[in-house]
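> with the sequence up front, the predicted model follows.
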Amino acid sequence: MRQAGRRWGAWGAALGALLGLLAFAPASWLANTVTARTNGRLVLAEAQGTVWSGDAVAVLTGGPGSRDARALPGRLGWHLRLHGLGLRLELTQDCCLPEPVALIVRPRWGRVQAELINGRQAQAPAGAPGGYDAGVNAQWPAGWLSGLGAPWNTLELTGTLRLRTQGLRMEWAQGQLMVEGRADFVFQDVASRVTTLDRLGTYRLSLDGGQGQVMLGLATESGALQLSGAGSAGPGGVRFRGEASAAEAERGALSNLLNIIGRREGDRSVISIG
């Protein structure tokens with residue numbers, strides 16, 4: 001009886017220590033995981049707090065061995081908690097997230113589902129249709145992309161990168177990623193150091209997911225530099241074809257930029273991926 005009691009006591013102490021370790025796991029554990037999963041492209045520097053509640057400085061880098069790095073102003077905060085049988089991660093940042101952003105992860109038999117929603121979305125307002133989704137709104141200085149290295153560090157963009165999502169859901173099953181919903185990335189009022197123009201324009205990159213593929217679309221909303229293109233992303237990789245051009249009056253000022261963007265064919269540059 002005494003030996004059984006000691007064994008149970010040891011198991012209880014070990015379980016208590018494990019629960020305590022999980023409850024107070026340092027934020028650096030999460031920061032190290034993010035760095036490893038992104039191959040060093042996204043770094044949570046100066047992480048404080050715990051895995052469950054903390055904050056850090058978000059830094060984009062060119063990866064291992066790169067000297068390029070660009071940090072966002074202020075600190076990115078997170079709160080991680082249980083959500084049914086899954087997890088809910090909520091992100092906040094004064095500079096870039098006007099409203100909290102929540103990522104809900106749900107494990108399923110043989111697959112994992114994730115949903116990106118507005119963190120303040122609790123329930124659909126009265127009269128809203130089924131599948132209501134308030135969507136995510138976020139914005140970042142376009143110059144943050146310079147931290148990723150070439151070609152962004154050459155372009156040195158200024159302006160604002162905005163993200164708007166609607167019904168964005170992801171599912172990992174049998175090693176494949178499937179995406180549903182829509183995301184729009186708007187490069188608003190961007191400019192570049194490689195041109196003499198004060199403003200290049202505003203551009204929209206759209207991602208529409210469904211039926212195992214994500215359709216890509218690039219369009220110009222306004223500006224001297226004209227961008228267009230279409231493509232898809234799926235299990236076979238990314239395929240995209242587009243082009244960049246300029247009106248005759250701006251061709252001289254945009255010549256260097258057109259050389260960087262793609263393969264020159266006369267007055268235009270061809271953008272080809274995959």
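Now that the structure is in, tell me what you want to look at.

> so who does the closest residue to G212 other than its chain neighbours touch?
The shortest distance from G212 to any non-neighbouring residue, by C-beta to C-beta, 6 or more residues apart in numbering, is to M178 (5.6 Å). In this view, the C-beta of every residue, glycine as well, is placed from N, C-alpha and C. By C-beta atoms under 8 Å, 6 or more residues apart in numbering, the contact set of M178 is M170, E171, W172, G209, G212.

> of the residues you listed, buried ones?
M170, E171, G209 (16 or more other C-beta atoms under 10 Å).

> Y203 versus S228, what's the distance?
9 Å (C-beta to C-beta, to the nearest Å).

> just the strands in the stretch 1-150 of the chain please.
42-49, 53-61, 69-71, 76-83, 86-93, 97-108, 111-118, 137-141 (DSSP state E, counting those that start in this stretch).

> tell me which strands and helices the second one is in contact with?
In this structure, strand 53-61 packs against helix 27-37, strand 42-49, strand 69-71, strand 76-83, with contacts taken as 3 or more C-beta pairs under 8 Å, 6 or more residues apart in numbering; DSSP states H and E.

> and the contacts of it?
Taking contacts as C-beta under 8 Å, 6+ apart, the residues outside strand 53-61 that touch it are 27, 30-31, 40-49, 68-72, 75-80, 93, 144-145, 147-149.

> are any of those residues buried, and which?
Looking at these with 16+ other C-beta under 10 Å, the buried ones turn out to be 27, 30-31, 41-44, 47, 49, 70, 72, 75-80, 93, 144-145, 147-149.

> checking the closest residue to P151 other than its chain neighbours next. Helix, strand or coil?
The spatially closest residue to P151, leaving aside those adjacent along the chain, is I260, at 5.8 Å (C-beta to C-beta, 6+ apart). Secondary structure state of I260, per DSSP: H, G, I helix; E, B strand; the rest coil, is helix.

> could you check the distance from I260 over to N137?
30 Å.

> please apply the same query to L103.
Taken as C-beta to C-beta, the span from L103 to N137 is 15 Å.

> out of the two, which sits in the more crowded spot?
Neighbour comparison, L103 and N137: the larger count goes to L103, with 18 against 14 (by other C-beta atoms under 10 Å).

> which residues touch the closest residue to that one other than its chain neighbours?
Nearest non-adjacent residue to L103, counting by C-beta to C-beta, 6+ apart: L89, 4.6 Å away. Contact analysis of L89 by C-beta under 8 Å, 6+ apart lists W78, H79, L80, A102, L103, I104, V105.

> between those, which is nearest L197?
The closest of these to L197 turns out to be L103 (C-beta to C-beta; 37.9 Å).

> quick one: contacts for the closest one?
L103 neighbours (C-beta under 8 Å, 6+ apart): R88, L89, E90, L91, A114, E115, L116.

> if the fifth one is in a bridge, with which residues?
It stands for A114. In this entry, A114 is beta-bridged to V105, M170, by DSSP bridges.

> where's it relative to E250, distance?
Relative to E250, and taking C-beta to C-beta, A114 is found at 42 Å.

> and for Q48?
Taking C-beta to C-beta, one finds Q48 at 47 Å from E250.

> now S222
Taken as C-beta to C-beta, the span from S222 to E250 is 13 Å.

> between the two, which is the more surrounded one?
Neighbour totals were compared for S222 and E250, and E250 leads with 19 against 12 (other C-beta under 10 Å).

> grab the nearest non-local neighbour of the more buried one.
Nearest to E250 is A224, by C-beta to C-beta, 6+ apart, at 4.4 Å.

> and the pLDDT for the one you found?
The model reports A224 with a pLDDT of 94.

> residues contacting it?
L197, R199, L200, G201, A246, A247, E250, A253, L254.
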